[in-house]
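[1] For reference, the sequence and a predicted model appear below.
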Amino acid sequence: MDRVLILDVRDVTFRYPGVARDALRNVSLGVSGGELVALLGPNGSGKTTLVRVALGLQAPLAGSALIQGRAAAAWPRRELARVVGVVPQREDNLFPQRVRETVRLGRYPRLGAFGREREEDRVAVDRALERCDVTGLADRWLWTLSGGEYQRVRIARALAQEPQLLVLDEPTASLDLRHEMELFELVRRLVDQQGLAALLVTHDVNLASRFADRLLLLSDGNAAATGAPADVLRREQAELVFGWPVAVSSFDDRPQITPLRRHS
Amino acid sequence: MKWLLLSAALLAALLAGIVLGPAAVPLSDLLHSPIVIDLRLPRALLGILVGGSLGLAGASLQSLVRNPLADPFLLGLSGGAGLGAVLAIALHAGGPWAIPLAAFAGALLALGLVFRLGLVGGAELDPRILLLGGVAVGAFCGAVMTAIVSLAEASELRNAYLWLWGGLSGASWDGLRVVALCLPIPVLVLLAAARPLDLLALGEEPARHLGADLRAVKRRVYLAASFLTAVSVAVAGVIGFVGLIVPHLGRALVGGRHLRLLPASFLAGGTLLVLADTLARTVVAPRELPVGIVTALVGVPLFALLLRRWTAY
């Protein structure tokens, strides 16, 4: 299948004002349609910064971040929101809201003149709810949802944007085993069936290894390794980046990392 | 159905404002009586516009600063307007327009100052800075105002004090016309921002990801809502609680989507203020209470009820 490169980050260097060292140094990252790329790395390694640069929220010091060939920071936000759907780590709900209402917000970048809702908007919302398996929750209040349900609703909102690239920032933090698996399966299904490009920031190295096509392992602002899971998750590499002794095994032909007890 | 209810309530309030009053006007004379035509009708209509503006401004500002306890006067406008009015009174500025104009100028000054503070250091109207800046500017104006009041004569002091609690007794057809001319643009600006305000309720970064151009939206909403408040304070003084409670009433009635919430807040604000003003005129007739006292007396218990509902979320 011919894959279209949607996100193209090249040799990006970035430094926060007033900080002596680079937050990112010569990092590159490409994500194409039908491809799930996972972004791994310890806390503070630059994952969130890289996502912010990729989405045009921070301008790189050197290098470029292109979305569909156009500099990410040059996109008007509304146009960009038709191409990229983001599920950020955190959001508030200032006022009580129902599931369908919040998914409807995803239509904002596509609404017609005067913000009128058309038939196609209703259809898109229904389809997004269905794809994330939350149709049955449509009339529930958000605060009554479990953590896993809420994350699926947020993905549905991003899908209502009808994006080509889906960016998820630690979507499975604080989810239990089943909900975490459901979420990874959902993202994989969207990538395979809808041809979406997906960039997933996660701390779950083993699930990333099993679900993602490619990994980018960040360490202290540098790309420590990038490529297929088997090439990235090697023992010396992982020990160096995460600063902890590990054993690497294989499951379903994908590397799995088990941290070791220190004095065993 | 809900809209019918809101409109019917507004109409009923308008009728009550026209029919009720210390001077008995027979119903058959209603449309011929100068008391009704020259006094009660413009006053009730002004109540609708001012109450509606405060309700609308309150709903918009609560979403803008992402704080359900925000009130249009929290952002320093009441202090600026009060200072302007008290200055006009203390300097014996003449003419019926002196106090409103001075209050309006004071409110605009405070508005500009808080707006500027909100942009300090490249911050894009950070809600925390807006709130803190508003409180600080308000406190500063309040201090200057109290200094002036403490040096003024007793009768002037009473006037100034009463003016601060708000009232619609200055209503006239001329004043009504001026207000009616001031409202359409800011009202339209706020209604046009309804969708981005929906997004803003999720937080700034999520709103940006969903395509909102927050920089422009926040400036527009802040300026339009503050301008509405400044117009209100110029013609009716500081009428508290309308802008705080009405948005919550609106949310309970029509939900949180701003396309419905904003118009509902306008209707409910107008209704509430006209009713409060009718009470203010009649309960101690022939004297009159400042309407701000009535809105506070009605508003505080109502607000306590709403707070209970709030904790249920």
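    Okay, I see it.
[2] So in chain A, which helix runs the longest?
    Assignment by DSSP state H gives helix A:177-194 as the longest helix of chain A.
[3] May I see the buried residues of it?
    For helix A:177-194, a neighbour-count test (16 or more other C-beta atoms under 10 Å in any protein chain shown) marks A:179-184, A:186-188, A:190-191, A:194 as buried. C-beta: built from backbone N, CA, C; applies to glycine.
[4] What about the residue of the stretch 1-150 of chain A found nearest chain B? Give its phi and psi, please.
    Closest residue of the stretch 1-150 of chain A to chain B, C-beta to the nearest C-beta: A:Ala81 (3.0 Å). Dihedral pair for A:Ala81: phi -70, psi -10, per degrees, to the nearest 10.
[5] Looks like it contacts B:Ala207 (just checking).
    No - with contact defined as C-beta atoms under 8 Å, A:Ala81 does not reach B:Ala207; the gap is 10.0 Å.
[6] How is A:Pro255 assigned, secondary-structure-wise?
    Classification of A:Pro255 using DSSP: H, G, I helix; E, B strand; the rest coil returns strand.
[7] is it in a bridge, and if so with what?
    On the basis of DSSP bridges, A:Pro255 is bridged to A:Ser250.
[8] And it, how close does it get to B:Leu181?
    From A:Pro255 across to B:Leu181, the span is 72 Å (C-beta to C-beta, to the nearest Å).
[9] Looking at those two, which is more packed in?
    When neighbours are counted by other C-beta atoms under 10 Å in any protein chain shown, A:Pro255 comes out ahead of the other of A:Pro255 and B:Leu181, with 22 against 10.
[10] give the contact list for residue 148.
    Let's take chain A. Residues in contact with A:Gly148, defined by C-beta atoms under 8 Å, 6 or more residues apart in numbering or on different chains, are A:175-176, A:178-180, A:182-183.
[11] let's do chain B instead
    Taking C-beta under 8 Å, 6+ apart, we find B:Ile148 in contact with B:83, B:86-87, B:90.
[12] OK, contacts around A:Val215?
    Wrong residue type there; residue A:215 is Leu, not Val. Counting by C-beta under 8 Å, 6+ apart, A:Leu215 makes contact with A:37-40, A:208-209, A:225-229, A:232-233.
[13] Please dump those residues into CSV; it should also carry neighbour count and distance to A:Glu130 for every row.
    Supplementary listing: these in CSV, determined by neighbours: other C-beta atoms under 10 Å in any protein chain shown; distance: C-beta to C-beta, whole Å:
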residue, neighbour count, distance to A:Glu130
A:Val37, 21, 26
A:Ala38, 26, 26
A:Leu39, 28, 28
A:Leu40, 28, 31
A:Ala208, 25, 27
A:Ser209, 24, 29
A:Ala225, 19, 38
A:Thr226, 18, 35
A:Gly227, 12, 35
A:Ala228, 14, 32
A:Pro229, 22, 31
A:Val232, 24, 34
A:Leu233, 24, 35
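[14] neighbours around residue 165, how many?
    Going with chain A. The burial count for A:Leu165: 23, using other C-beta under 10 Å.
[15] other chain: chain B
    B:Trp165: 19 surrounding residues under other C-beta under 10 Å.
[16] Residue ranges in the chain under the pLDDT threshold?
    Just so you know, I chose chain A. A:1-2, A:113-115, A:264 (pLDDT under 70).
[17] switch to chain B, that's the one I care about
    Ranges of chain B meeting pLDDT under 70: B:154, B:157, B:160-161, B:309-313.
[18] Just want the residue of it that's nearest chain A.
    Residue of chain B nearest chain A, by C-beta to the nearest C-beta: B:Gly211 (3.0 Å).
[19] Is B:Gly269 in contact with B:Leu244, as I believe?
    No - here B:Gly269 does not reach B:Leu244: they are 10.6 Å apart, not a contact under C-beta under 8 Å.
[20] any common contacting residues for the two?
    Common neighbours of B:Gly269 and B:Leu244, using C-beta under 8 Å, 6+ apart, are B:Gly58.
[21] Mind jotting down where the strands sit in the stretch 1-150 of chain A?
    According to DSSP state E, counting those that start in this stretch, the stretch 1-150 of chain A carries its strands in the segments A:5-14, A:24-32, A:36-40, A:62-67, A:70-71, A:84-87.
[22] near chain B, which residues of the stretch 151-264 of chain A?
    Selection of the stretch 151-264 of chain A residues close to chain B by C-beta under 8 Å from any C-beta of the partner chain yields A:157, A:161.
[23] Which residue would you name as the spatial centre of the chain?
    Chain wasn't specified; assuming chain A. Nearest to the mean C-alpha position of chain A, by C-alpha atoms, centre = their mean, lies A:Leu168 at 2.4 Å.
[24] oops, I was thinking of chain B
    Ranked by distance to the mean C-alpha position of chain B (C-alpha atoms, centre = their mean), the top residue is B:Leu54 at 2.8 Å.
[25] how many other residues sit next to B:Asp71?
    A total of 23 residues lie near B:Asp71 under the criterion other C-beta under 10 Å.
[26] which SS state does A:Arg171 fall under?
    That one is not Arg; residue A:171 is Pro. At A:Pro171 the chain is in coil, as set by three-state DSSP.
[27] residues in contact with it?
    A:Pro171 is in contact with A:87, A:151, A:154-155, A:183, A:187, A:200, A:202, counting by C-beta under 8 Å, 6+ apart.
[28] rewinding a little: output the strands of the stretch 1-150 of chain A as a markdown table; include the columns distance to chain B.
    Formatted as a markdown table, these follow (distance: least, C-beta to the nearest C-beta, whole Å):
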| stretch | distance to chain B |
| --- | --- |
| strand A:5-14 | 14 |
| strand A:24-32 | 16 |
| strand A:36-40 | 17 |
| strand A:62-67 | 13 |
| strand A:70-71 | 16 |
| strand A:84-87 | 4 |
